[in-house]
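# Here's my sequence, what's the structure:
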Amino acid sequence: QVQLVESGGGLVQAGESLRLSCAASGNIFRINAMGWYRTAPGNLRELVATIPSTGRTNYADSVEGRFTISRDNAKNMVYLQMNSLKPEDTAAYYCRAEVASPTWPNTYYQYWGQGTQVTVSS
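Coordinates of the predicted model:
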């Protein structure tokens, strides 16, 4: 099994910054793409940013230029630096990872974390 644990959420004022972290642990052979998604009250879960094992990152238009996704492959971690936060960024943020196990090294399964709440006040 694989576990993803997010941390770093909290309550901030508009214009401030937060850094989210997500640690993957368990039966991991290789991690392909990782990403951050969010769910605001009354809305569907939406993509925030993704980062492949190699290659270009991808951002939602609403966060482009304000958020930065990065990863540390040696530590199986992914980060989301969020700057210039806005009230509309208020949501539960979820980490996602595509993970292959040692038993099935060419098969990737999708895992999700439990989420961390980000609240931005105006």
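# What sits closest to Trp36 if chain neighbours are left out?
Nearest residue to Trp36 in three dimensions, chain neighbours excluded: Val48, at 4.3 Å (Cβ to Cβ, 6 or more residues apart in numbering). C-betas here are computed from N, CA, C, even on glycine.
# what lines up beside the strand or helix carrying the one you found in the sheet?
Val48 belongs to strand 46-51 when assigned by DSSP states H and E. Strand 46-51 has these partner strands in its sheet, going by DSSP bridges: strand 30-39 (antiparallel), strand 58-59 (antiparallel).
# From Ala24, how far off is Asn106?
Distance check for Asn106 against Ala24: by Cβ to Cβ, to the nearest Å, it reads 18 Å.
# Among the two, which residue is more densely surrounded?
Neighbours per residue, other Cβ atoms under 10 Å: of Asn106 and Ala24, the larger number sits with Ala24, 21 against 7.
# how would you label that one: helix, strand or coil?
Secondary structure assignment for Ala24 (DSSP: H, G, I helix; E, B strand; the rest coil): strand.
# Report the beta-bridge partners for it.
Leu4.
# which residues does it contact?
Val2, Gln3, Leu4, Ile31, Met34, Asn76, Met77, Val78, Ala97, Val99, Tyr111 (Cβ atoms under 8 Å, 6 or more residues apart in numbering).
# burial of the second one, as a residue count?
Other residues near Gln3 come to 13 when the count uses other Cβ under 10 Å.
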